[in-house]
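Engineer: Got a sequence here, can you build the structure:
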Amino acid sequence: MIKAVLFDLDGTLVQTEKLKAQSYAVAVQRIRGLSEPDDRAIEAYREIVGASRDVASRHVMNRLDLEADLGPLVAERGVSEPWEALAAMRKEIYDGMVADPQVIRDNQWPHTVGLLRIAKDSFCHTGLVTMSYRPEALHVLRALELEETLDVIVAREDVEKAKPDPEAYLLAARLLDVEPGACLVLEDSPNGARSGIAAGMAVVAVATPFTQAGLHESQVVDECSIVHSPDELIKVVSRRILEQNRSAG
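Structural biologist: Numbering: from 1, shown residues only. You can find the predicted model right below:
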């Protein structure tokens, strides 16, 4: 029996993954003195979407061979590693993008935000499981007036291991006092979907233009339900809940 619905944040409730990818492109533009944002950074981030900030920054740095370019910024930024300089610059750019709450509201996904409100109104436990740090997550949630719809929030600083490790989802289940098998997860990325699957939860992957190719290439869709269109969301989630409840019974 499904007793809790757990939502990812970036890419699932709001299109922040798109904004984060763009912030990497702008960061690379500034680092290398380019005339425009480097689209290769967007593609590199797409490959690792859903991962934590440190994993994503390392990946973008390595894919674009940025380590030498970042070397001079290490002391300037007061960090110890080149990837940390990239992460700091990228975060500053991203924070500037989303400083205006209206930008966040303009980039929300109405179908998944609506499902969260429905779940809460149906007296189901609700939770957020994100690899964003808590202040960033709360900024987004407050802009969308969603904080009060969530019974628990698990952020990056709450766990040792990032997605695709199941630690974050298992922690959310413990905090809600619900068995993992009684949880339904809404995710948009392969890393996020893997995390929910590894936790032993039912997973619905909500494909976005940013993550659809990665979901299919990873074959993670073989182990979860997938939504390709916003109009399908309620039907797919309802079917997944029915299947899970039948198997539990």
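Engineer: List the residues that contact the residue nearest to Gln29 when sequence neighbours are not counted.
Structural biologist: Nearest non-adjacent residue to Gln29, counting by CB to CB, 6 or more residues apart in numbering: Pro37, 4.8 Å away. For every residue, glycine as well, the C-beta is placed using N, CA and C. Applying CB atoms under 8 Å, 6 or more residues apart in numbering to Pro37 gives the contacts 22, 25-26, 28-29.
Engineer: Tell me the one of the residues you listed nearest Ile197?
Structural biologist: Ile197 lies nearest to Gln22 out of these, by CB to CB, at 29.1 Å.
Engineer: Now do the closest one against Ala41, distance only.
Structural biologist: Remark: distance between Gln22 and Ala41 (CB to CB, to the nearest Å) = 9 Å.
Engineer: quick revisit: of the contacts of Pro37, closest to Gln102?
Structural biologist: Distance to Gln102 across those (CB to CB) is lowest for Gln22, with 17.1 Å.
Engineer: Would you agree the closest one is in contact with Met97?
Structural biologist: Yes: proximity of Gln22 to Met97 meets the contact threshold set by CB atoms under 8 Å, at 7.4 Å.
Engineer: re the thing from before, mind checking how far the residue nearest to Gln29 is from Ala27?
Structural biologist: Distance of Pro37 to Ala27, given as CB to CB: 9 Å.
Engineer: what's the neighbour count on Ser229?
Structural biologist: For Ser229, the neighbour count with other CB atoms under 10 Å is 10.
Engineer: Buried ones in the helix or strand Val60 falls within, by neighbour count?
Structural biologist: Secondary structure from DSSP states H and E places Val60 in helix 53-63. Buried residues in helix 53-63, counted by 16 or more other CB atoms under 10 Å: 53, 55-61.
Engineer: ok, of those, which one's closest to Arg194?
Structural biologist: Nearest to Arg194 among the buried residues of helix 53-63: Val55, at 13.3 Å, using CB to CB.
Engineer: Grab the nearest non-local neighbour of Val74.
Structural biologist: Closest residue to Val74 apart from its sequence neighbours, by CB to CB, 6+ apart: Ala85 at 5.4 Å.
Engineer: Equivalent analysis for Pro110, please.
Structural biologist: Excluding the flanking residues, the one nearest Pro110 by CB to CB, 6+ apart is Pro230, at 7.4 Å.
Engineer: what about the residue nearest to Val74, neighbour count?
Structural biologist: By the measure other CB under 10 Å, the count of residues near Ala85 is 27.
Engineer: can I assume it is in contact with Ala68?
Structural biologist: No: contact status for Ala85 versus Ala68: not in contact, 11.9 Å apart, counting by CB under 8 Å.
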